[in-house]
Structures are given as C-alpha cells and as structure tokens.
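>>> predicted model follows, preceded by the sequence.
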Amino acid sequence: MTFTTRPTLRGTFGMVSSTHWLASQSAMRILELGGNAFDAGAAAGFVLHVVEPHLNGPGGEVPAIIATADNPAPRVLCGQGVAPAGATIEHYRELGLTLVPGSGPLAATVPGAVDAWLLLLRDHGTLPLSVVLEPAIEYARNGHPLVPRVADTIATVQELFEEHWPTSAALWLQGGRPVSGRFRNEAYAGTLERLVREAGEGDRQEQLERARRAWREGFVAEAVDGFSKLPHRDSSGADHGGLITGADMAAFEASWEDAATYDWNGYTVAKTGPWGQGPGLLQSLAVLAALGEVDLDSAEGVHTTVEVMKLSYADREAWYGDAADVPLATLLSSAYAAERAKLVGADASLELRPGSPDGRTPVLPSIATGNETGDATTGEPTVSAVGETRGDTCHVDVVDRWGNMISATPSGGWLQSSPTIPELGFCLGSRAQMFWLEEGLPASLAPGKRPRTTLTPTLVLRDSEPVMACGSPGGDQQDQWQLLFLLRHLGAGADLQEAIDAPAWHTTSFPSSFYPRATEPGGLVIESRVGANIRDELVRRGHVVTESDPWSLGRLCAVRREPDGVLAAAANPRGMQGYAVGR
C-alpha cells in the first residue's frame, strides 16, 4: 500500500476539495441542504473571499469550467474582468510607466468574481441567494480564525499601509500590529447582506439578476467609482489614481463560452480559451504525446517535462491573448507538436523559443530578461525561489451525486493588491499587470480587453462524460504542477492523493506574468524530495537548479466521479490549509 499524507476520500453523495477547510465544509453544508455542485461551489467561493483574503477577494476574478448532469459538454464561466475604458497604453506612458504597476489602483481590471458566481447561481444553481451566502456572511460578521499566513502577509506591507494606504491599515492592523486570531470584516458582511436585501424575494433568477444589478450598477459600483480615482502609492513608487468607473462596472458582465480541449491518453482535457494560459497545458500534453512515455521519477523525466513546459510557455508569450488571432487549432495539432518535440534535447535550453504556427512569425515583448525584485505588494504573491509561500490564489472543486461538476480558480483582489474601499470591506485587484505596454503583442493593453491570465481550472472527460475536476493556485506554476498531476494520475495510474503528494517542480525560464515581469533563463525549482542524484544530473544538463523545501511546491485540489457513481476527492497537504470533504 502506497503511503499518502491523507486518504483519498470516497463516497456517493458529494465531494469537495478546496484550499481552505472552512470553504470545503461550507460547500459540503450546501450539498447537505439539497443544493447542487454549483450552489456549493459559489458558497465556497464567497467563503474564500472571507477566510483567504491574502489570496483572493471580491474585487478579483474567477474562471471556472463546469459540466452539468443534463449536458456534460464542458463550459467555461468567465469571471475575468476587463481593462477599463480609460486604460490605454498612451495613458500609462504619459505617466512615465513602461510596465503596468503590480499593485495600486492603476493595476485594477473590472472586478469579475462576484458577477460570475451570481451568474453561475442564476443559470445552474437551485438554492436562494440568502442560503448560499449565509456561511460567508456568518464568517465575515461574527468572525473566523485567521490562518497565520494572513498576518505574515500583512506584516510585509505594514509600512505601506501605515504611510500610504490608511483604509487598509484601519482594517488589517490593530494596535500597530497585523490582525490575528478571530477576525471580523463587518464592512464586507454588510456588503453581502445588502446584496441579499436588494435581491429580494420571489423568483430565484430574478433575485440573482437584482443582486447582479446592485453589484454592477448600484451601491458597489458607486463606491468603486468614488474610491478608484483617489491617488494611492503603487509599486512604481509614485501615487496614481485608478481608472475604473461606475460605467466600467455596469458594462462588464460575466459570460459563458466554449472550452478549449485536447484528447490525450483516452481522456479529454478541457481548459479556458487562450485569453488564459490554460491551453499551454494542452500543448504540453501534445508535445509529450509526440515524445512518448516519461518516467517522472528519473532525471530524464524531470528534464523532459521542464523542456516541454518551456516550449509551451514560449508559445504563451508569443500567441496567447484576448481578442488576438490565436492559431489554437495549429498549436494543438499533432504535426505542430511533433515539430516542437524535436527541440527537446539532452541539455537544458536557456532560450525563449516560440514556434511559427501556420508559418507566422512570433512577436515577443521587449522585456524578456531580468531578475525579480522583492516588492511585497506586486504580482500574484505565490512561491518564492526557495519555496516559501508568500500567498497565492485559491481553488475549489465540487462534484455532486447527480454528476454536476465544477472546477474554479478564484484569485485577485488580495488584501495587499490595492487600498481597501472602506464602505465595502474589500479592495480592487491587480490583474492588469499582465498586460504589456507595447503595441502589437497578443497581450497588449487595450480598453475592454481581458489580461492574459494565469488562472487555469481543469475539467477532464472520458467518453464525453466528466470524470474529474482539478486545479491549483500558483500563478505561472499552475499548469506546470497540474501537468505533473495529470501525468501521474491519468497517465501512470496513481491515486488522487498519491499524485498530489508526489514531489513537484517547475521552470521559471520565461517572462513572469507578474510585475516586474522577470525571466530566469534555465531556472528550475525542485522539491528536495526529488533527490540529490536527480538534482545533480539536472545541474549537469545545464539547468539552473534551486532546491526548495521538501513539501513546498504544488497546491492541487481534485474531485473525481467514476462510471458507477462512486465519488472521490483529495487535497494538497502543503501549507497545511487545503482540505477535502465528502461522503
């Protein structure tokens, strides 16, 4: 029997896996009340806003992929907000900026997460909004025990809060110290309670539409409009006002769209479109299929997966973006994958090597090299080079007894991204830092455009039926860690928990998606559990190896449904926070 840190849970009623135990158990409560996977997923999403405020927030975003019991075709829920109408390259250039700041009002896209959760409930939920929001309101109003990483995160930005973001200091500091223990965010509780009041009674769908209007056109939009334009210090070192207006809030609506898919090893893997990095995982699977089976417990296997990831991420930089002419069919084709596979040699590549699908010439940003700096407010505060977790994104997966399934990756709007809007109890996000302030790139900044996000949930089907939802926080590492999980679970037959527990690694040999957009040529971060012999061989092959703590990389959640209706779930033990529940 293989040892795992926790059991893979199995049952027939419902399964939840998320990055915080309170979110998982809150979702399970909704299932016990008769709600479905979408009611439960939304409840978990709102709880995550409260209990993991350093990892996500209502001012952030969420992409999700769902399959319903009635229609198993995977559908993408896009809760990624767009650049506001005033967000032009010219505006940022006139301010003397060459990059979108990693924090502060200028870094914000229109908040998308709440409207997306409400749209999910309108179209596929079954319970009243008041029931779904009850756990989040309870934890915000009456308090919840903060995880230690919240205080640690606040400590890194305490000086900024005290000197430049007084509204954040008022919420997150008490007696000159970061808040800790049982914490209440009564302003956000009031925001949720007002959404419930404005939703009113009567028809469920009408309730949800009224709540959406209150968010996009009512009191929330008014507060965002008034606060966003106030100048605040950002990661550029200067004070700037933001660009989001009430009109931007009203214009944005979460939406549904088709998933990008790739057939691999008898499974169909579904991801978001190339406005996110998700198809990079599909490209990696395609190139690995061309190369043949890899042994992940060997130096050759680690090297091969890393070199394949580099190729996929190079294509991400050259081709992915919202509204860009992305040649996705070619990028996922077997012919293109075979050509890319020829570039995987015996030694580590230190170059960024995008391909030329359909004979087209790739165009890359001019900023493609450099060393990351230590600004605690910037980026998606994920995993440092030595494996230290400074914060992250969140994830939740749910499957219910009817076969409904959802994979969702909430993020953005973390407490250190932007000053707190006092009457709402949350801040705006910083996803706009993923735009380039250069013309002619697929991810160039433009009003109404989505940033090329790192958020990347996964749904897996077999014989056109959904069998698994999974995902991981981790910024640029999300699909790298998911690739290893899929290779182990779907490829090598490891159990869910066994595949999650296995040693992990990732490359940093491409431009970071986060300010200041650094590249580390040949960079490879591995958990020390990979072993000294493998590490030494990787160094010999030219990889610039950083050995991380033994349990520091990867944040996987997963749920699964077998053809006979047996359900399973597993969660990441790293960070001592993720949790799976079910029966």
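Structure's in. What do you need?

>>> now stretch 55-62: mean pLDDT?
Here stretch 55-62 scores 97 as its mean pLDDT.

>>> quick check: end-to-end length of it?
12 Å (C-alpha to C-alpha, to the nearest Å).

>>> can you give me the strands in the stretch 1-150 of the chain?
All strands of the stretch 1-150 of the chain, identified by DSSP state E, counting those that start in this stretch, fall at 9-11, 14-18, 62-67, 75-79, 144-145.

>>> elements contacting the helix or strand bottoming out on mean pLDDT in the chain?
Every helix and strand in the chain was compared by mean pLDDT, DSSP states H and E; the lowest is helix 148-156, with a mean of 94. Judged by 3 or more C-beta pairs under 8 Å, 6 or more residues apart in numbering; DSSP states H and E, helix 148-156 is in contact with strand 177-178. Quick note: C-beta positions are derived from backbone N, CA and C, even for glycine.

>>> partners of the strand it packs on, with directions?
Note on strand 177-178: by DSSP bridges, its sheet partners are strand 173-174 (antiparallel).

>>> what strand or helix carries the residue nearest in space to the middle of the chain?
Centroid-nearest residue in the chain: Leu455, 3.3 Å away (criterion: C-alpha atoms, centre = their mean). Per DSSP states H and E: Leu455 is located in neither a helix nor a strand.

>>> residues contacting it?
Applying C-beta atoms under 8 Å, 6 or more residues apart in numbering to Leu455 gives the contacts Glu61, Val62, Pro63, Gln80, Thr272, Gly276, Thr393, Thr409, Ser411, Gln478.

>>> so what's the residue count around the third one?
Okay, so that is Pro63. 30 (other C-beta atoms under 10 Å).

>>> hmm, it is touching Leu77, no?
Yes - applying C-beta atoms under 8 Å, one finds Pro63 in contact with Leu77, separated by 6.8 Å.

>>> shared neighbours, these two?
Ala408.

>>> hey, where'd the strands end up in the stretch 201-350 of the chain?
232-233, 239-240, 255-258, 260-264, 267-271.

>>> list the helices and strands the second one packs on?
Right, strand 239-240. On the basis of 3+ C-beta pairs under 8 Å, 6+ apart, strand 239-240 makes packing contacts with strand 232-233.

>>> how far out from the middle of the chain is the strand it packs on?
Here strand 232-233 is found 26 Å from its chain centre; the criterion is C-alpha atoms, centre = their mean, to the nearest Å.

>>> which other residues reach it?
Gly104, Pro105, Leu160, Glu163, His164, Trp165, Asp239, His240, Gly241, Ser418, Pro419.

>>> highest mean neighbour count out of the strands of the stretch 1-150 of the chain?
strand 14-18 (a mean of 32; mean count of other C-beta atoms under 10 Å).

>>> run through the stretch 351-500 of the chain and note the low-pLDDT ranges.
Residues of the stretch 351-500 of the chain meeting the criterion pLDDT under 70: 368-392.

>>> again with the chain
1, 368-392.

>>> quick one: the residue lying farthest from the centre of the chain from Ser411, how far?
Most distant from the centre of the chain: Gly202, at 34.5 Å, with distances by C-alpha atoms, centre = their mean. Computed with C-beta to C-beta, to the nearest Å, the distance linking Gly202 and Ser411 is 33 Å.

>>> repeat that for Lys310.
24 Å.

>>> contact partners for Trp481?
Counting by C-beta under 8 Å, 6+ apart, Trp481 has contacts Ser472, Gly474, Ala504, His506, Leu553, Gly554, Arg555, Leu556.

>>> closest one of these to Arg177?
Arg555 (28.0 Å; C-beta to C-beta).

>>> can you count the residues close to that closest one?
Arg555 has 29 nearby residues by other C-beta under 10 Å.

>>> what residues are up against it?
Residues in contact with Arg555 (C-beta under 8 Å, 6+ apart) are Thr19, Asp392, Thr393, His395, Ser472, Pro473, Gly474, Trp481, Asn572, Arg574, Gly575, Gly578.

>>> do you know how far the closest residue to Gly79 other than its chain neighbours is from Ala83?
Nearest residue to Gly79, sequence neighbours excluded (C-beta to C-beta, 6 or more residues apart in numbering): Ala116, at 2.5 Å. Noted for Ala116: a distance of 17 Å to Ala83, by C-beta to C-beta.

>>> again, but for Arg529
Distance of Arg529 to Ala83, given as C-beta to C-beta: 41 Å.

>>> how many residues are close by the closest residue to Ala107 other than its chain neighbours?
The shortest distance from Ala107 to any non-neighbouring residue, by C-beta to C-beta, 6+ apart, is to Ser430 (3.7 Å). By other C-beta under 10 Å, the residues close to Ser430 number 34.

>>> what does Glu351 give?
10.

>>> would you confirm that it contacts Pro521?
Yes - with contact defined as C-beta under 8 Å, Glu351 reaches Pro521; the gap is 7.4 Å.

>>> rewinding a little: who has more neighbours, Arg529 and Ala83?
With neighbours defined as other C-beta under 10 Å, Arg529 and Ala83 compare such that Ala83 has more, 25 against 17.

>>> ok, the more buried one touching Gly448?
Yes - counting by C-beta under 8 Å, Ala83 touches Gly448, with 6.5 Å between them.

>>> now, among the contacts of Arg555, which is nearest to Val539?
Nearest to Val539 among the contacts of Arg555 is Trp481, at 21.8 Å by C-beta to C-beta.

>>> tell me the SS of that closest one?
Under DSSP: H, G, I helix; E, B strand; the rest coil, the three-state class of Trp481 is helix.

>>> so what's it closest to, chain neighbours aside?
Gly554 (4.4 Å).

>>> for the one you found, give its distance to Asp203.
Where Asp203 is concerned, Gly554 sits at a distance of 43 Å (C-beta to C-beta).

>>> of the two, who's got more company?
Neighbour count, other C-beta under 10 Å: between Gly554 and Asp203, Gly554 has more, with 29 against 10.

>>> distance check, the more buried one against Asn572.
For Gly554, the distance to Asn572 - C-beta to C-beta - is 6 Å.

>>> now do the shared contacts for those two.
Residues touching both Gly554 and Asn572 (C-beta under 8 Å, 6+ apart) are Ser472, Ile500.

>>> nearest residue to the residue nearest to the centre of the chain other than its sequence neighbours?
Excluding the flanking residues, the one nearest Leu455 by C-beta to C-beta, 6+ apart is Thr409, at 4.5 Å.

>>> from memory that neighbour sits against Glu61, does it?
No - in this structure, Thr409 is not within contact of Glu61 by C-beta under 8 Å, at 9.0 Å.

>>> tell me where the stretch 351-500 of the chain has strands.
Under DSSP E, counting those that start in this stretch, the stretch 351-500 of the chain gives strands at 396-400, 405-408, 420-421, 426-427, 458-462, 465-471.

>>> circling back to that earlier point, show me which residues of the least confident helix or strand of the chain are buried.
Residues of helix 148-156 classed as buried: Arg149, Val150, Ala151, Asp152, Thr153, Ile154, Thr156 (neighbour count, 16 or more other C-beta atoms under 10 Å).

>>> quick one: name whatever helix or strand follows it.
Next along the chain after helix 148-156, taking DSSP H and E as the criterion, comes helix 158-163.

>>> for Ser180, helix, strand, or coil?
Going by three-state DSSP, the secondary structure assigned to Ser180 is coil.

>>> ok, the residue nearest to Gly582 when sequence neighbours are not counted - contacts?
In this structure, Gly582 finds its nearest non-sequential neighbour in Met15, 3.5 Å apart by C-beta to C-beta, 6+ apart. By C-beta under 8 Å, 6+ apart, Met15 lies in contact with Leu9, Asp397, Val398, Val399, Val559, Arg560, Leu567, Ala568, Ala569, Ala580, Val581, Gly582.

>>> the second one contacts Ser407, doesn't it?
Going back to what we said before, that points to Asp397. Yes - at 5.1 Å, Asp397 counts as touching Ser407 under the criterion of C-beta under 8 Å.
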